[in-house]
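Asker: no FASTA, just this:
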């Protein structure tokens, strides 16, 4: 193959990667996906027709070209094209680049693709799709499959020494999967079961055991070193606990793999498997790692309880566990210095029970009936005797430790022949003889009897006579001493080993790969028989059969709609995959052609169905969202439901919420400016205000109302029954429903503020007032405290985590949310009042009124505007400029709208002389309520942040004016004076006014000495 041809092929690969990173259509995408797959031999046959630009196999370098190709797919193709490819059953083309299917499993390149997929997916921020890929990778391409890929002959083209480095990188990626996935999910409950901590490491442990079994018969130093790397990494992540875990979230290698290990050791030809286990353990370079592995192995043994149980079953259990230790760790051999020192440190250094002492002694003896390894027993006896005769041990060890060491010493002695050299040396050892006196002189009778028991047993075993004659009774551990004598009368190694529970041994078979993610059985719909309905009210009247043909059913209408023969000349509207396409469908800038008018409704419906999902999917991927945010905002605000689409209002609100939350620096100022233009209806203005308030709560990580249009909605908007109300009432209630979310948020904030105020001022009430309240008020009843649901808590966590990586609300609250609204409102109010003044001299019919129906100064819209400001001010409390800028300006706005006349109303025309003054006093109840609630939020937050210092000292006049205004409103309500538009809202108004009065009084009393000059 010529160098020019190779250069041309590689240029084609680079061009493919470059095009995948840019905007393309579906027809261009499919050939780009098919070419590299065909070069790797992984292209499924059904997609062969898309391979219009084949790439020569020898020109595609997996290590060089595959990682950037996978990154391009994860960063550009999957966020954009996943829904479209999934609907067209073409997603397998993308998945082949990460998890090749079962038909490609045996191909060497499939393992290389999976190997690179682990590192590529983990190197990027995890998404829902990449987490699914990791779940499938862990099941279909486990650790043993990756080992065969790295150490196979096909991978021998790696430079010298790079094979083990590639294996270390693979192990690092595989072990890091559950931790990274858990961090990405941040405690949410939708974690795939296969990636949960325990389930993942259980599967990893089983596949590691399969790898050891496959290498046992034919292994090299390189494979042994590779397993050492694997064990070291598992130790570092805590997969080898010292005892069986008590927590369901703690993984354990031996808890998962020991049943399979037992089964393999009981099979014929298990000597090579056993020898390889011992070789792997001894090859671990770090003594700390080896200690952790061996300690975990010993801790997962099943010891008899109580430890001195002499029953045949207990002895069989001891022998079975000793044989397991011989099969995994080998026989005790002092020649293996590292292993020997580690074992002695574990056996004598940790706290074990008497049952484990029996297992260790049987292990040292060889666990063979009728014979014993005298050399190993003698070596172990020396170490145990050093501990038993130690003065520190005798004086300071706990009784359980004395029991353990004593049983271990006597069990070792029981396996030694009576005339063995080690036993004779022990009987005449001066340290042993001297320590007996130390034991006898101990103040604790239980410890004293440990020394007496060992002395008598050693004397009996060596043919001497010694009897302290103090063994009858139940005091001072005498029953325990008698049990130990009975236990040492026989040997555990002479018993029959307890049978293991058989379990299937996992093998690397192709059936393991054919899981539900790869091969899915077609779902068979369940048809239930329709029985008789006893409800007579649903029984129709008998009627004669008609000669007319029956109307088509909905399913038949769908089939007719999908019939291609009836759709000749009508193009199918494709789902948008880029935000520019979505903007064109919502707000066309190319003009409407006559032949496309019939498809306008369908285009709008498709656009609304995918708008929120597409906007949220583009968050954090390049600059596409920032470039199209303003155009999308204009289009969504200006949409009209001219075609009576299902869920139009909810989908539009959800899309606009997502747009403002994902691109706050662009979308929020744009829609705030649009709010004050005169081309929008009241409903469209409500949509703008709702989007600002709800997206602010989302960015701030605060809980959203259960009816908020966030994420894919499952509940539709509350609709009316089939019989509509009269037109005016219907529009009134429909408008009220559009403001419920924000008004409910503000009322919840106000209620919490009032509750805090009441609790903080309970002790300040005079005694007479408190006595009167106790006499007049009804006793408090037990009320239910509504806790947030699990779904709301998880949604709050998700919102906080999703916002933490991008823009926080405190960064954009003042610049993009609050001041675009407040500054534009002052300008708008100035212009409206100027227009009214210019026509004030005309007849009432020809005068301009800024508070007309649907306009911003109308009480309905104005109250919702104030409620939105209240929600925004509360969410922005942590902004740096809140105390110095936001608090005084928001409070001034609330006082101005609550005290001064904003616009002339038709009622003002009846009295030209006192109309303005009367209008200022007869504020609508809803405007007064929201204005007072806004002031209450500002005052409460100021008290919480700095104790009210900035408002009390720097804006004293404004603070006192707020108190006077609230006091006047409260006094009028107490006198029974009705408020215009009050209805049933007097209670809300009275509560807000009282809260403001208390807050101002609390703040004034705190800073009164510094405010004295202003007060006078």
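Answerer: Everything's here; your move. Computed from a prediction, not measured in an experiment: that's the story for all the values here.

Asker: Please count neighbours and contacts with C-alpha atoms only from this point.
Answerer: Will do.

Asker: For residue 810, which non-adjacent residue is spatially closest?
Answerer: Spatial nearest neighbour of residue 810, excluding adjacent residues (C-alpha to C-alpha, 6 or more residues apart in numbering): residue 879 at 4.6 Å.

Asker: now the helix or strand containing residue 581, how far from the chain's geometric center?
Answerer: Taking DSSP states H and E as the definition, residue 581 sits inside helix 579-586. Centroid displacement of helix 579-586 relative to its chain, using C-alpha atoms, centre = their mean, to the nearest Å, is 32 Å.

Asker: helices or strands up against that helix?
Answerer: helix 600-617, helix 624-638 (3 or more C-alpha pairs under 8 Å, 6 or more residues apart in numbering; DSSP states H and E).

Asker: okay, those in JSON lines with mean neighbour count next?
Answerer: Shown next, in JSON lines, are the helices and strands packed on helix 579-586 (neighbours: other C-alpha atoms under 10 Å):
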{"stretch": "helix 600-617", "mean neighbour count": "20"}
{"stretch": "helix 624-638", "mean neighbour count": "21"}
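
Asker: of those, which approaches residue 12 most closely?
Answerer: helix 624-638 (26.4 Å; C-alpha to C-alpha).

Asker: Quick one: residues in contact with that closest one.
Answerer: Here helix 624-638 makes contact (C-alpha atoms under 8 Å, 6 or more residues apart in numbering) with 579-580, 582-583, 586-587, 615, 618-619, 652, 655-656, 659, 663, 666-667, 670-671, 680, 684, 687-688.

Asker: if you set the cut-off to 6 Å instead, what comes out?
Answerer: Helix 624-638 has contacts (C-alpha atoms under 6 Å, 6 or more residues apart in numbering) with 583, 586, 587, 667.

Asker: sorry, back to before: so what angle separates the directions of the helix holding residue 581 and helix 600-617?
Answerer: Here the directions of helix 579-586 and helix 600-617 differ by 150 degrees (axes from the mean of the first three to the mean of the last three C-alpha atoms, to 10 degrees).

Asker: Contacts for helix 579-586 next, please.
Answerer: 576, 632, 635.

Asker: Nearest to residue 108 among the residues you listed?
Answerer: Nearest member of those to residue 108, counting by C-alpha to C-alpha, is residue 576, at 37.6 Å.

Asker: Find the nearest non-adjacent residue to the closest one, please.
Answerer: Distance criterion C-alpha to C-alpha, 6+ apart; nearest residue to residue 576, sequence neighbours excluded, is residue 582 at 5.6 Å.

Asker: and the one you found, how many neighbours?
Answerer: 26 (other C-alpha atoms under 10 Å).

Asker: try residue 43
Answerer: The local packing of residue 43 (other C-alpha under 10 Å) involves 23 other residues.

Asker: What separation do you get for it and residue 279?
Answerer: 42 Å (C-alpha to C-alpha, to the nearest Å).

Asker: Equivalent analysis for residue 231, please.
Answerer: Taken as C-alpha to C-alpha, the span from residue 231 to residue 279 is 13 Å.

Asker: And residue 101, by the same measure?
Answerer: Separation of residue 101 from residue 279 (C-alpha to C-alpha) stands at 36 Å.

Asker: where along the stretch 101-250 of the chain do the strands fall?
Answerer: In the stretch 101-250 of the chain, no strands are defined using DSSP state E, counting those that start in this stretch.

Asker: At which residues are the helices of it located?
Answerer: Under the criterion DSSP state H, counting those that start in this stretch, the stretch 101-250 of the chain contains helices at 108-123, 128-140, 143-150, 162-185, 197-216, 221-236.

Asker: OK, contacts around residue 863?
Answerer: Contacts for residue 863 (C-alpha under 6 Å, 6+ apart) come out as 927, 930.

Asker: Can you name the element that comes right after the host helix or strand of it?
Answerer: Per DSSP H and E: residue 863 is located in helix 859-875. Downstream of helix 859-875, the next assigned helix or strand under DSSP H and E is helix 887-899.

Asker: what pLDDT does the residue nearest to residue 576 get?
Answerer: The per-residue pLDDT reported for residue 582 equals 90.

Asker: Give me the buried positions along the helix holding residue 581.
Answerer: 579, 580, 581, 582, 583, 584, 585, 586 (16 or more other C-alpha atoms under 10 Å).

Asker: now residue 197, nearest residue through space, not along the chain?
Answerer: Going by C-alpha to C-alpha, 6+ apart, residue 197 has residue 178 as its nearest residue, at 5.7 Å.

Asker: that older thread, could I get the buried residues of helix 579-586 as JSON lines with distance to residue 899?
Answerer: Formatted as JSON lines, these follow (distance: C-alpha to C-alpha, whole Å):
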{"residue": "579", "distance to residue 899": "46"}
{"residue": "580", "distance to residue 899": "47"}
{"residue": "581", "distance to residue 899": "48"}
{"residue": "582", "distance to residue 899": "45"}
{"residue": "583", "distance to residue 899": "43"}
{"residue": "584", "distance to residue 899": "46"}
{"residue": "585", "distance to residue 899": "46"}
{"residue": "586", "distance to residue 899": "42"}
